[in-house]
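[1] Fold the following, please.
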Amino acid sequence: MTDQNITRIELDGKEYILIGTAHVSKQSAEQVKEVIQKEMPDSVCIELDKQRYESVVHDSKWQKMDIFQVIKEKKASLLLMNLAISSFQKRMAKQFGIKPGQEMIQGIESAEEIGAELVLADRNIQITFSRIWGSIGFKGKMMLLTQVIGGVFSKETITEEELEKMKTQDSIDSVLSEFTEAFPRLKKPLIDERDQYLAQKIKKAPGKRIVAVLGAAHVPGITKEIRKEHDLKALTKVPPKSKAPKIIGWSIPLLIIALIVYTFIANPVAGWQQVLSWLIWNGGLSALGVIIALGHPLAVLTALIAAPITSLNPLMAAGWFAGFAQAYLKRPQVSDFESLSEDAVTVKGFWNNKVTRILLVIVFANIGSGLGTFIAGTDIIRLFFNNL
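    Numbers count the residues shown, from 1 in each chain. I've put the predicted structure just below:
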């Protein structure tokens with residue numbers, strides 16, 4: 001057994017053994033088993049939160065998902081990102097003949113075999129995504145979705161050399177590497193904060209000897225942060241939403257309505273042109289988004305009708321209405337939830353599975369509506385100035 005990926009730390013009378021792993025490496029899983037059997041630790045910490053632990057241990061988690069609840073809670077985009085990142089790992093794991101997260105599964109099994117305490121040491125992934133989501137604007141959100149989905153499906157195979165490179169990256173960061181270069185501040189919630197959270201959880205693990213199974217990208221940061229004290233409550237706090245987006249969200253519709261009303265008074269013909277532009281661009285591009293997602297014709301119609309209205313109300317979104325229509329008309333069967341994990345590995349599967357198609361309908365309808373608002377709003381301003 002090589003000690004190449006093992007870091008040992010002596011601190012306050014406790015010994016910490018950090019195993020830096022690749023999330024899709026068979027050798028990493030084997031090393032985890034060997035280290036735990038040899039060291040016989042009091043605790044085994046794994047880089048999972050409760051949600052990801054459940055998904056790793058119970059493959060049936062998707063079967064319990066209520067798609068209507070997902071839409072109501074406005075979690076379609078986050079769920080789609082979760083699935084996309086999961087599919088990226090599955091595709092790599094399938095190519096190299098290993099189950100995704102096998103090193104974490106091995107850590108769980110080995111801890112149970114020797115009677116060690118199992119510690120779920122990572123921060124809740126939804127909190128991480130919320131802190132990322134809150135630090136980028138609309139443009140950033142669109143780029144992020146594009147980057148995640150594009151990164152998932154950009155290549156059919158991955159070389160051994162690329163896999164070795166990924167051993168130095170976090171499992172999520174490997175998908176978002178280009179995006180974090182464009183938005184350097186995302187490194188803080190994605191890597192740095194999680195290093196601090198993981199370090200504190202590992203430090204507080206019971207016993208004198210602790211083994212931690214970690215993605216190799218986190219080992220250097222944890223080695224530094226474990227010598228400090230970190231406030232877990234502060235690291236798990238979802239930042240309050242800024243009032244600026246809400247102010248802007250209401251200001252734009254009010255401005256558009258005011259411009260149309262003024263133009264109607266000055267020139268009714270131009271006013272009708274503005275209304276028509278708003279209806280065509282907003283409804284048309286939102287409907288086009290649903291068509292791209294291969295949504296049901298009535299979901300397309302729903303987006304066409306809803307988008308011009310919802311774009312004037314920041315509390316609503318065309319995608320929700322189109323998504324509800326799609327979910328009602330093409331209600332997912334048990335088989336769709338059962339095959340969700342496998343279907344999410346390919347582009348074809350994403351579009352064929354009824355669950356992911358609903359998510360695509362929601363996201364693409366909203367993207368279309370957002371583009372329509374921008375184009376139609378620009379046209380309305382143009383017509384307004386032409387009739388001053």
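[2] Domain ranges for this structure, per the record?
    For the chain, the structural domains run 6-235, 243-386, going by automatic domain parsing.
[3] how long is the shortest one end to end?
    The one in question is domain 243-386. Domain 243-386 has an end-to-end distance of 33 Å (criterion: C-alpha to C-alpha, to the nearest Å).
[4] which stretches of this protein form strands?
    For the chain, applying DSSP state E gives strands covering 6-11, 14-21, 43-46, 117-120, 209-215.
[5] could I get these as a markdown table with mean pLDDT?
    Formatted as a markdown table, those follow (pLDDT from 0 to 100):
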| stretch | mean pLDDT |
| --- | --- |
| strand 6-11 | 93 |
| strand 14-21 | 93 |
| strand 43-46 | 96 |
| strand 117-120 | 95 |
| strand 209-215 | 94 |
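[6] Of the domains of the chain, flag the one that's most buried.
    Most buried of the domains of the chain, by mean neighbour count (mean count of other C-beta atoms under 10 Å): domain 243-386, with a mean of 20. Using the backbone N, CA and C atoms, a C-beta is placed for each residue, glycine as well.
[7] From the chain's centroid, how far away is that one?
    Put simply, domain 243-386 sits 21 Å off its chain's centre (C-alpha atoms, centre = their mean, to the nearest Å).
[8] average pLDDT for that domain?
    Domain 243-386 shows a mean pLDDT of 88.
[9] now swap in stretch 190-197 and tell me
    Stretch 190-197 shows a mean pLDDT of 88.
[10] And stretch 231-248, how far out from the chain middle?
    Relative to its chain's centre, stretch 231-248 lies at 18 Å (C-alpha atoms, centre = their mean).
[11] Now do that stretch: distance from first to last residue.
    End-to-end for stretch 231-248, by C-alpha to C-alpha: 34 Å.
[12] what's next to that stretch, contact-wise?
    With contacts defined as C-beta atoms under 8 Å, 6 or more residues apart in numbering, stretch 231-248 is touched by 123-124, 127, 130-131, 134, 193, 196-197, 200-201, 314.
[13] Select, out of the strands of the chain, the one closest to Gly271.
    The minimum distance between Gly271 and the strands of the chain falls on strand 209-215, with 57.9 Å, by C-beta to C-beta.
[14] for that closest one, packing partners?
    Under the contact criterion of 3 or more C-beta pairs under 8 Å, 6 or more residues apart in numbering; DSSP states H and E, strand 209-215 touches strand 14-21, helix 26-39, strand 43-46, helix 102-114, helix 193-203.
[15] Now distance to Gly221 too, for the ones you listed, in JSON lines please.
    Listed next are those as JSON lines, based on distance: least, C-beta to C-beta, whole Å:
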{"stretch": "strand 14-21", "distance to Gly221": "11"}
{"stretch": "helix 26-39", "distance to Gly221": "18"}
{"stretch": "strand 43-46", "distance to Gly221": "15"}
{"stretch": "helix 102-114", "distance to Gly221": "19"}
{"stretch": "helix 193-203", "distance to Gly221": "3"}
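[16] so which of these comes closest to Ile309?
    Nearest of the helices and strands packed on strand 209-215 (C-beta to C-beta): helix 193-203, 39.2 Å.
[17] got the contact list for that closest one?
    Here helix 193-203 makes contact (C-beta under 8 Å, 6+ apart) with 11, 14, 16, 18, 45, 47, 119, 121-123, 128, 131, 170, 210, 212, 214, 218, 221-222, 224-226, 228-230, 232, 235-236.
[18] rerun at 6 Å
    Residues outside helix 193-203 that contact it (C-beta atoms under 6 Å, 6 or more residues apart in numbering): 45, 121, 123, 212, 218, 221-222, 225-226, 230, 232, 235.
[19] now stretch 255-274
    For stretch 255-274, contacts defined as C-beta under 6 Å, 6+ apart pick out 377, 380, 383-384, 387.
[20] one more time with 10 Å, if that's ok
    The contact list for stretch 255-274, computed with C-beta atoms under 10 Å, 6 or more residues apart in numbering, reads 275, 277-278, 311-312, 373, 376-377, 379-388.
[21] how close does Ile132 sit to Ser251?
    Separation of Ile132 from Ser251 (C-beta to C-beta, to the nearest Å) stands at 26 Å.
[22] Repeat that for Asp336.
    Plainly put, Asp336 is 41 Å away from Ser251 if you go by C-beta to C-beta.
[23] And the contacts of stretch 231-248, which is closest to Pro41?
    Out of these, the member with the shortest distance to Pro41 (by C-beta to C-beta) is Lys201, at 14.7 Å.
[24] circling back to that earlier point, could I get the strands of the chain as CSV with distance to Thr302?
    Formatted as CSV, the strands of the chain follow (distance: least, C-beta to C-beta, whole Å):
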stretch, distance to Thr302
strand 6-11, 55
strand 14-21, 46
strand 43-46, 44
strand 117-120, 41
strand 209-215, 42
